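Asks: Sequence isn't available, so here's the structure alone:
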C-alpha cells in the first residue's frame, strides 16, 4: 500500500507516529510524510533545519519526508501557539500539493494531534489527489479548548464545533485512540465512520540495542537507588506539581528517587521549585532520544505517568502508557479514566486518582516495599498485555486492514 501521512509533528520530534511509519515500511508499504519543521517541545527549530522554505529528505528505510515552512512555537504563550498552528495550515495548503504532485497514493492518513486544524491540508490533498482520507483523532475538539480555559466564549466554541463537524465530514473514516472518544466524536460525525484504533509503541525488546549514551551520573543513580522514572513532555497537562508534592512525602525513603526525563513548558518552574525546596530526591535528567530510553527504563524501579484532573484527559490514553507496558517495568499512575483503566486491566502496576499527591506517595511507598520478584511480576503482566493489545507490528497490520477497507469503499 502507498500511504501519504499528514502530521504537524514527526521525526526528529519524538511522537509515536514515527514508530508506526517505521513499522509500516518494514512490512513493505511505501510511506511519505507531509509535515512541518521540527521544533517541539522546546519551541526552537532543530539544528540543521530552518523555518523558511520547503525541504525533502529520505530516511534510511526509504521514508520520504516533505517539510513545509513552519513558524516555531517560540517560548510558548497563546499568540505563539496560534501562529505556529496557523503556519502549518497555511503552508500545508500552499505547498503541500506541490510537494506530492504526481505521486500515486492509495490513501491519505491525517494524524490529528492538537489542534484539529492541522488536518485541513490533508482535506485539500484528498480533493486534489482524489484519494480517500482517514483521520486518526488524538484530541477532542472543541472540548479541549473549553477544558483548558483557552476559549470561554460559548459562541466561539459553537463555531469551533461547526468547524470540527465539517472536518470530520470530509473524512470517510475516523480512527479514535480511545474507546472513550467514540461518544463525543459521534456527536459531530456519523457513528458508522468511527473505528477504535489505539496508539502503540515500538517493542524495545525486539530490536538490537543501540550503544548507551546516557549520562554516567544518571546511570549510576538509576543503578544505586530505587528510581521512579517519569519520561516525556514536562507540561501543564502532566500535573507535575502532584509529582513534586509526592516527592516531599517520600523523602524518608532514603534510597528512593524520582527521575524526570524530558523537557517542556514546565521545565524551568520545576527546576526552580526543586532547588528552592531542596528536593534532593528529585532528579532532572533532561531529554534523551527514544533509542536511549531502554537503557533508562531497564534500570528503573518503576515508571510513572501522571495527568491533571480534567474531564477531557480522562478520555485520553497517554502514549507513554503503551511504551511503559512494552518496557516490562512496573507502572505507577496518578490519573483518571481510560489511562488508569488500561494500567489496571493489564495488572502491570498501581494507580491512584489524578492530582492525589497522598495517593501517589502511597503507591510509591508500596512499590518501594515490594521485592524484585513482585515488581518483576507486575512488569511481566504489563508486557504481556502490551503484546496482546498494543504490539506495533500487529497494530501496523491492523492499520493497513482498516485503511484498505476505506480505500475499497471508494
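Replies: Nice, I can see it. Keep in mind that this is a model prediction, so the values were computed, not measured. Numbers count the residues shown, from 1 in each chain.
Asks: neighbours around residue 168, how many?
Replies: Neighbourhood size, residue 168 [other Cβ atoms under 10 Å]: 22. From N, CA and C alone the C-beta is placed, and that goes for glycine too.
Asks: before we move on, what about residue 118?
Replies: 23.
Asks: in terms of contact, does it touch residue 7 like I think?
Replies: Yes. Taking Cβ atoms under 8 Å as the definition, residue 118 is a contact partner of residue 7 at 7.3 Å.
Asks: list the residues that contact both of these two?
Replies: residue 110 (Cβ atoms under 8 Å, 6 or more residues apart in numbering).
Asks: can you give me the strands for this structure?
Replies: 2-6, 30-35, 55-58, 64-67, 107-112, 133-137, 173-176, 194-196, 226-231, 256-261, 282-286, 302-306, 331-334, 349-352 (DSSP state E).
Asks: Centroid-nearest residue for this protein?
Replies: Closest residue to the average C-alpha location of the chain: residue 319 at 4.5 Å, with Cα atoms, centre = their mean.
Asks: Contacts only, for it.
Replies: 15, 16, 199, 201 are the contacts of residue 319 under Cβ under 8 Å, 6+ apart.
Asks: Show me what the last one is bridged to.
Replies: When you say that, I think you mean residue 201. residue 391 (DSSP bridges).
Asks: wait, what's in contact with it?
Replies: So residue 201 contacts 16, 19, 319, 322, 323, 325, 326, 386, 390, 392 (Cβ under 8 Å, 6+ apart).
Asks: if you set the cut-off to 6 Å instead, what comes out?
Replies: By Cβ atoms under 6 Å, 6 or more residues apart in numbering, the residues touching residue 201 are 322, 323, 326.
Asks: Likewise for the second one?
Replies: With Cβ under 6 Å, 6+ apart as the criterion, the residues that contact residue 16 are 199, 319.
Asks: pLDDT score assigned to it?
Replies: Model confidence at residue 16, given as pLDDT, is 90.
Asks: That one and residue 273, how far apart?
Replies: Between residue 16 and residue 273 the distance is 29 Å, computed by Cβ to Cβ, to the nearest Å.
Asks: of all the strands of the chain, which lies closest to residue 84?
Replies: With Cβ to Cβ as the criterion, residue 84 lies closest to strand 30-35 of these, at 13.2 Å.
Asks: hmm, back to that, which of the contacts of residue 201 sits closest to residue 372?
Replies: The shortest approach to residue 372 among the contacts of residue 201 belongs to residue 326, at 20.0 Å (Cβ to Cβ).
Asks: so what's the closest one scoring on pLDDT?
Replies: pLDDT, read off for residue 326, is 96.
Asks: Check the one 5 residues further on too.
Replies: With respect to pLDDT, residue 331 scores 98.
Asks: and the residue lying closest to it once chain neighbours are set aside, how many neighbours?
Replies: Closest residue to residue 331 apart from its sequence neighbours, by Cβ to Cβ, 6 or more residues apart in numbering: residue 349 at 3.2 Å. Residue 349 has 26 neighbouring residues, counting by other Cβ under 10 Å.
Asks: Residue 349 touches residue 329, doesn't it?
Replies: No. The criterion here is Cβ atoms under 6 Å, and residue 349 misses it with residue 329 at 8.8 Å.
Asks: Same list (the strands of the chain) but as JSON lines, adding distance to residue 267.
Replies: Listed next are the strands of the chain as JSON lines, based on distance: least, Cβ to Cβ, whole Å:
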{"stretch": "strand 2-6", "distance to residue 267": "29"}
{"stretch": "strand 30-35", "distance to residue 267": "24"}
{"stretch": "strand 55-58", "distance to residue 267": "29"}
{"stretch": "strand 64-67", "distance to residue 267": "26"}
{"stretch": "strand 107-112", "distance to residue 267": "25"}
{"stretch": "strand 133-137", "distance to residue 267": "28"}
{"stretch": "strand 173-176", "distance to residue 267": "31"}
{"stretch": "strand 194-196", "distance to residue 267": "34"}
{"stretch": "strand 226-231", "distance to residue 267": "12"}
{"stretch": "strand 256-261", "distance to residue 267": "9"}
{"stretch": "strand 282-286", "distance to residue 267": "8"}
{"stretch": "strand 302-306", "distance to residue 267": "15"}
{"stretch": "strand 331-334", "distance to residue 267": "19"}
{"stretch": "strand 349-352", "distance to residue 267": "25"}
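Asks: Residue 167: which of these is closest?
Replies: strand 133-137 (7.4 Å).
Asks: give me the low-pLDDT residue ranges for the chain?
Replies: Applying pLDDT under 70 to the chain flags the ranges 76, 146-150, 410.
Asks: What residues of the longest helix belonging to the chain count as buried?
Replies: Determined from DSSP state H, the single longest helix within the chain is helix 78-100. By neighbour count on 16 or more other Cβ atoms under 10 Å, the buried set for helix 78-100 is 81, 84-85, 87-92, 95-97, 99-100.
Asks: which residues does residue 193 contact?
Replies: 173, 174.
Asks: The same query, at a cut-off of 7 Å, please.
Replies: When contacts are counted by Cβ atoms under 7 Å, 6 or more residues apart in numbering, residue 193 touches 171, 172, 173, 174.
Asks: Mind picking the two most distant members of the residues you listed?
Replies: Among these, 172 and 174 lie farthest apart (Cβ to Cβ), at 8.8 Å.
Asks: higher neighbour count, those two?
Replies: residue 174 (26 against 18).
Asks: do you know how far that one is from residue 353?
Replies: 30 Å.
Asks: tell me the residue furthest from the middle of this structure?
Replies: Outermost residue of the chain (Cα atoms, centre = their mean): residue 252, 33.5 Å.
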